[in-house]
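Visitor: Build me a model:
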Amino acid sequence: MKLILTDNLPKLGKIGDVVTVKNGYGKNYLVPNKKAICYTEQNYKSFADKKAEFEKLSSEKLAIANKVKESLLGKNIIIIENASDDGRLYGSVNTSVIANKINDVINEKLVDKSVIFLSKPIKEIGIYETKLNLHSDLILDIKLLVSRSESEAMVLLNPKKKSKKDSDDQENQLTSSEGNSEEEVEQNAVKAKKPRKKKSEE
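Guide: Residues are numbered from 1 along each chain as shown. Presented below is the predicted three-dimensional model:
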């Protein structure tokens with residue numbers, strides 16, 4: 001399939017380049033996402049007159065992409081969902097949910113679901129990594145925290161704190177049972193066998 005690129009694509013070419021790609025890639029991705037148009041002599045002549053407009057549009061998109069990147073810098077995207085005790089979500093988290101949450105975080109509707117890479121919907125509580133294809137020159141890695149509450153998200157983010165508490169509890173339990181010496185165990189056993197004389201005498 002022969003196309004004229006209307007956006008800069010690092011592995012394919014620059015705006016105005018004529019490229020040949022597989023039909024599926026062209027029809028299902030490049031053309032629908034306005035990254036290319038079908039090549040014809042007429043389209044090529046028309047495009048030559050509008051090339052400056054496409055370059056300006058690409059520059060504006062890059063500026064928006066950088067704005068989104070700065071707004072998300074150092075932030076985690078926390079998505080609160082209902083889930084069962086074993087961590088399975090009653091619904092699922094898809095690209096639309098993620099895009100809406102990101103726009104909430106940056107207080108602007110700048111991210112569309114089409115720029116989010118997600119191999120399959122998220123159906124369990126946990127930490128997930130995904131990519132935002134904000135611009136051909138800017139792909140951003142982000143971390144998603146899917147949980148039932150803000151506090152649970154913090155535990156997912158800082159498991160050491162929880163594990164330390166759990167380990168302390170376990171240590172206390174071991175100290176009170178298995179941590180006793182053999183002599184102490186024997187003494188406790190003897191005490192358990194002795195009749196409670198004081199209570200019977202009273």
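Visitor: Please state the offset of stretch 120-136 from the chain centre?
Guide: Taking CA atoms, centre = their mean, to the nearest Å, one finds stretch 120-136 lying 4 Å from the centre of the chain it belongs to.
Visitor: Contacts for that stretch, please.
Guide: 7-10, 35, 58, 61-62, 64-65, 68-69, 81, 83, 87-89, 92-94, 98, 102, 111, 115-118, 139-148, 152, 156-157 (CB atoms under 8 Å, 6 or more residues apart in numbering). Heads up, the C-betas are built off the backbone N, CA and C, glycines and all.
Visitor: Tell me which of these fall in strands.
Guide: 88-89, 92-93, 116-117, 139-147 (DSSP state E).
Visitor: give me phi/psi at Asp17?
Guide: phi -70, psi 140 (degrees, to the nearest 10).
Visitor: Quick one, grab the pLDDT at the nearest residue to it once chain neighbours are set aside.
Guide: Leaving aside its chain neighbours, Asp17 sits nearest to Leu5 (4.8 Å; criterion: CB to CB, 6 or more residues apart in numbering). On pLDDT, Leu5 comes in at 92.
Visitor: before we move on, back to that, narrow the contacts of stretch 120-136 to just the buried residues.
Guide: 7-9, 35, 58, 61-62, 65, 68-69, 81, 83, 89, 93, 98, 102, 111, 115-116, 118, 140, 142, 144-148, 152, 156 (16 or more other CB atoms under 10 Å).
Visitor: Can you check which helix is longest in this structure?
Guide: For the chain, the helix with the greatest residue count under DSSP state H is helix 41-72.
Visitor: tally of neighbours for Lys56?
Guide: By other CB atoms under 10 Å, 10 other residues sit near Lys56.
Visitor: Distance-wise, check it relative to Phe47.
Guide: 14 Å (CB to CB, to the nearest Å).
Visitor: before we move on, back to that, so which elements touch the longest helix of the chain?
Guide: When contacts are defined as 3 or more CB pairs under 8 Å, 6 or more residues apart in numbering; DSSP states H and E, helix 41-72 sits against strand 2-5, helix 95-106, strand 126-135, strand 138-147.
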